[in-house]
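[1] Here's a sequence, model it:
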Amino acid sequence: MSEITANFDEARQSQLPFVEMLVNLGYTYLSCEEVLRLREGDTSKFLLKDIALASLMSINSYEHKGQEHKFSEKDVADAVDELENLPFEGLIDTSRQVYNMIMPTTGGKTIKVFHDGKNVSKSFRYIDFVDPRRNKYHVTVEYPALGKAPIRPDIVCFVNGIPFAVIENKKSGVDVQEAIRQFERNQQSDYCPKFFAYPQLLIASNNKNVLYGTTGTQGKFFAAWKEKEVAKCDLEKSVQGIINTQIDPKIYNQICHDLNGATLGHKQITNRLTTKQDKDTVSLFDPFRLLDLAKNFIIYDAGIKKIMRYQQYFAIKKMLDRIVIDEDDPSVKSRDGGLLWHTQGSGKSLTMVMFVKALIEHPHIQNPRIIIVTDRKDLNKQISSTFTNCGLKKEVVVATSGIHLLDLIKEKDLSVITTLVHKFESAAQKKANFCDEDKNIFVLIDEAHRTQGGIANLEMNRIMPNACYIGFTGTPLLVKERESWKKFGGYIDKYTIDDALNDKIILPLIYEGRYVDLIQNKEQIDRRVELLMEGLDEKTKKELQKIVNTKIIQDNPQRIADIAVDIEQHYIKQFQGTGLKAQIVAPSKFSAVLFQKCF
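    You can find the predicted model right below:
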């Protein structure tokens, strides 16, 4: 009895309202019986074959000698069979193969057609991303799928007969993490991993809380969605209008019947209050948004499939809006840049990669040239590695010297160039009188608060005066005379520490003051200071006295040794065995070396 009650609560509180919203967003409901028929009664097959055939015949055509032609039904059927019968070579690898087939930007699919006595290769698409309205959207519930063991996802959404999104629902009293654990289990080799090669979006919901991920996303990386660009009242109004839309009673009764009878006889409530689940359904499952997320905001990074978080999605959208100019207007010499303030841990490197991906695929920017600037070798290596791992269409080239960097710019190299900012200063020392006025150069500067001043920065701006400069920082300078946002022409987007804390992406910083008693030998310090300042006038001595005393005390080896002992004892007592790490910020490089020796 308790199990029936639980199922009823789950269906009534989360599953049914989710399907209601999807149907009113334009998804055609398919009964469980119809879905099984479309799969020819075989639950180890996952595409809805007849729908796929009809949809793909509709959205595909090709041009030959000025005339438009349709692919043959056999060609389309073969394309559907190819997608359906891909050999399973591991979850992520097979998922990537599916992704590359259905996404035109990552390869897509070609079909050979016969014209004028020879075979000609023509592009074929499984989904129309240019005009999402031409695709067919369907939804069903209690979808049985068979691998080594059977699974039954609560809701599956299809685009042109291809499983595109999966939802697991729990009742409001159950932690949403239970739905995520269900996803993790069902993707394991002992269950049905091949099914998850097709979906691009995975949703876990208990009506109050909604988290999203993609194939292979670990539970801790499922994230909440928030709208940054839609006024709250506008979203509420839109969602309420969808809730209030009456579903055809025949369709509604079929939905209730298919939910294992748990909602049999239930009547649609059209005047209820909106929930977090309602809002997120509209945000994520509007056909334009769903296809945009899948095509432009999913990436494979070193064998891990990743979908962007909401702050990355909206930041990239804003950057793309910022750089738009009238390409035909000769008076426009450069594009507007700006500063992206996203706190540490918010995924700035991947935001950078996805923005570059969008630039490469931008229909109105011809041959964008991209230079990534950092100020530390480890950052340069990390950025280069991230770009390489993500498999962009452009090669990644690391500038090895100032001259090499200049050569790459002179040659108008279309690779993604990564460089240390200091190499611009090195190039300046070679007195290279060179300037590239191309407005299609995009300079992305990581840790921008540290690279916006000095000779290197001036030389960078001199060499590329019309480039679009976009800075990325987690800690912008806020001192008035050096404010980061002014240097780059204003903020493009902000995602602060408070935002990250609210989203539970980072942990709170808790400060505990500690004091280590230090006995100073005043006479010894005074003698040392006198020796250092011998020969200086009295005024200069007084000015330097404060600085020198402070530095001598800060870098005093005995003081550092005492602090190191205190840290060691505190760390062992409080954190040993927890798996947690620690970091020490030292007042100077010399102090840092002494700390390392002490430990």
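[2] ok, for residue 313, nearest residue in space, not its chain neighbours?
    Closest residue in space to residue 313, ignoring its immediate chain neighbours: residue 297 at 5.6 Å, by C-beta to C-beta, 6 or more residues apart in numbering. Backbone N, C-alpha and C define where each C-beta goes, glycine included.
[3] same check, this time on residue 320
    Distances taken as C-beta to C-beta, 6+ apart put residue 358 closest to residue 320, at 5.9 Å, once the chain neighbours are dropped.
[4] Which helix or which strand is home to the one you found?
    Element membership for residue 358, per DSSP states H and E: helix 348-361.
[5] Make sure I have this right: residue 460 is in a helix.
    Yes: Residue 460 forms part of a helix when assessed by DSSP: H, G, I helix; E, B strand; the rest coil.
[6] Please report the distance of the closest residue to it other than its chain neighbours from residue 40.
    In space, and not counting its chain neighbours, residue 460 is closest to residue 424: 4.4 Å by C-beta to C-beta, 6+ apart. To residue 40, residue 424 is 63 Å away according to C-beta to C-beta, to the nearest Å.
[7] more crowded one of these two?
    Each of residue 424 and residue 40 has its neighbours counted (other C-beta atoms under 10 Å); residue 424 has more, 26 against 9.
[8] and that one, what element?
    Secondary structure assignment for residue 424, by DSSP H and E: helix 422-429.
[9] And for residue 156?
    Applying DSSP H and E, one finds residue 156 within strand 155-159.
[10] Show me what the mean pLDDT comes to for the next helix or strand after that strand.
    Next helix or strand after strand 155-159 toward the C-terminus (DSSP H and E): strand 162-169. The average pLDDT within strand 162-169 is 98.
[11] how big is the angle separating strand 162-169 from strand 155-159?
    160 degrees (axes from the mean of the first three to the mean of the last three C-alpha atoms, to 10 degrees).
[12] Strand 162-169 - contacts with which helices or strands?
    Where contact means 3 or more C-beta pairs under 8 Å, 6 or more residues apart in numbering; DSSP states H and E, strand 162-169 is packed against strand 155-159, helix 177-186, strand 201-205, helix 287-296.
[13] Mean pLDDT for the ones you listed - can I get that in a markdown table?
    Formatted as a markdown table, the helices and strands packed on strand 162-169 follow (pLDDT from 0 to 100):
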| stretch | mean pLDDT |
| --- | --- |
| strand 155-159 | 98 |
| helix 177-186 | 97 |
| strand 201-205 | 98 |
| helix 287-296 | 96 |
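[14] so can I have a markdown table of those showing distance to residue 246?
    Formatted as a markdown table, these follow (distance: least, C-beta to C-beta, whole Å):
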| stretch | distance to residue 246 |
| --- | --- |
| strand 155-159 | 21 |
| helix 177-186 | 29 |
| strand 201-205 | 23 |
| helix 287-296 | 21 |
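[15] Pull the number of nearby residues for the residue nearest to residue 320.
    Per other C-beta under 10 Å, the neighbour tally for residue 358 reads 19.
[16] what do you get for residue 139?
    Residue 139 is flanked by 25 other residues according to other C-beta under 10 Å.
[17] Who are the contact partners of it?
    By C-beta atoms under 8 Å, 6 or more residues apart in numbering, the residues touching residue 139 are 19, 22, 23, 27, 28, 29, 30, 155, 156, 157, 158.
[18] try residue 417
    The contact partners of residue 417, by C-beta under 8 Å, 6+ apart, come to 369, 370, 371, 372, 397, 398, 399, 405, 408, 409.
[19] Run through the bridge partners of the first one.
    Beta-bridge pairing of residue 369 under DSSP bridges involves residue 441.
[20] Please name the nearest non-neighbouring residue to residue 19.
    In space, residue 19 comes closest to residue 255 once its chain neighbours are excluded; the distance is 5.6 Å by C-beta to C-beta, 6+ apart.
[21] which element is that neighbour on?
    helix 249-258.
[22] for that helix, packing partners?
    helix 16-24, strand 28-29, strand 137-141.
[23] the domain parsing of the protein - what is it?
    Structural domains annotated on the chain: 2-51+128-291, 308-500, 522-598, as defined by automatic domain parsing.
[24] Now tabulate the helices and strands packed on helix 249-258 in CSV and tack on distance to residue 49 and mean pLDDT.
    Output for the helices and strands packed on helix 249-258, formatted as CSV (distance: least, C-beta to C-beta, whole Å; pLDDT from 0 to 100):
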stretch, distance to residue 49, mean pLDDT
helix 16-24, 22, 96
strand 28-29, 16, 98
strand 137-141, 13, 98
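[25] Make CSV out of those and add distance to residue 293.
    Formatted as CSV, those follow (distance: least, C-beta to C-beta, whole Å):
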stretch, distance to residue 293
helix 16-24, 16
strand 28-29, 21
strand 137-141, 14
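[26] Tell me which of the ones you listed lies nearest to residue 585.
    helix 16-24 (47.2 Å; C-beta to C-beta).
[27] Got phi/psi on residue 12?
    Phi and psi for residue 12, reported as degrees, to the nearest 10, are phi -70, psi -40.
[28] Look up the closest residue to it, ignoring the ones flanking it.
    What sits nearest to residue 12 in space, not counting adjacent residues and going by C-beta to C-beta, 6+ apart, is residue 263, at 5.7 Å.
[29] So that neighbour sits against residue 16, correct?
    Yes: counting by C-beta atoms under 8 Å, residue 263 touches residue 16, with 5.5 Å between them.
[30] who's more crowded, the two?
    Counting neighbours by other C-beta under 10 Å for residue 263 and for residue 16 shows that residue 16 has the greater number, 23 against 20.
[31] All good on my end, thank you.
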